[in-house]
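Enquirer: the amino acid sequence is not available; the structure is as follows:
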């Protein structure tokens, strides 16, 4: 009984003091750098996230994805995609270090304002286990002149290798994602100390 209490106390102390890194959310705002005019985006990087047009229209690579300022929606830059409906353009998001991540929320809107017709934007998430998850978000329409915040479901919370958006004609801002944290040296050191103490206790 005494050994059991000692072991639980030691384990609790390690967990609460070892400094195991928690996943921290990042927000892709598309704000920097900004040149003051619409910028065609071939490859855009922010906070470790990479966005690019991976299936451009034939003979017109990277022609439909822009960073723009559109005061009706926001006073800061937004991501704008105006893909032709009949062409196979796909926008892809992934981390630059090729590790997995999760998505929490995103602000979306139609490129037509006021927006009288709802627009559906599809996100296809490709996970490390080979599975694919999908969320489809539909804007309000009805004369809307503002971006809407949409929340991803639990399938997008972790283990994503990349996310593709095959939908056309949308604005995006404030993509909230969570990278997988790198294991800290403190964790391995703490585990080694804990294992050593446990072995010594067992030897007694």
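Expert: That came through, no problem. Keep in mind that this is a model prediction, so the values were computed, not measured. Residues are numbered from 1 along each chain as shown.

Enquirer: helices of the protein, start to end?
Expert: In the chain, the helices defined using DSSP state H lie at 2-17, 185-203.

Enquirer: which stretch in these has the least confidence?
Expert: The weakest mean pLDDT among those belongs to helix 2-17, with a mean of 42.

Enquirer: and the strands in this structure?
Expert: For the chain, the strands defined by DSSP state E occupy 26-28, 39-40, 43-46, 49-53, 65-69, 77-81, 91-95, 101-110, 120-127, 132-138, 148-151, 160-165, 170-179.

Enquirer: adding mean neighbour count and mean pLDDT, write those strands out as CSV.
Expert: Yep, even glycine has a C-beta here, placed from its N, CA and C like the rest. CSV is the format used below for those (neighbours: other C-beta atoms under 10 Å; pLDDT from 0 to 100):
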stretch, mean neighbour count, mean pLDDT
strand 26-28, 18, 96
strand 39-40, 14, 68
strand 43-46, 14, 86
strand 49-53, 20, 90
strand 65-69, 19, 78
strand 77-81, 21, 88
strand 91-95, 21, 95
strand 101-110, 21, 96
strand 120-127, 18, 98
strand 132-138, 14, 98
strand 148-151, 14, 97
strand 160-165, 20, 98
strand 170-179, 21, 95
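
Enquirer: got a list of what residue 173 touches?
Expert: 29, 30, 73, 74, 76, 78, 79, 106, 107, 147 (C-beta atoms under 8 Å, 6 or more residues apart in numbering).

Enquirer: got it, and residue 30?
Expert: Going by C-beta under 8 Å, 6+ apart, residue 30 touches 44, 46, 67, 76, 77, 78, 79, 172, 173.

Enquirer: how far does stretch 44-54 stretch from start to finish?
Expert: 12 Å (C-alpha to C-alpha, to the nearest Å).

Enquirer: ok, residues contacting that stretch?
Expert: Under the criterion C-beta under 8 Å, 6+ apart, residues 26-30, 32, 41-43, 61-62, 64-65, 67, 79, 89-97, 101, 164, 175, 177, 179 lie in contact with stretch 44-54.
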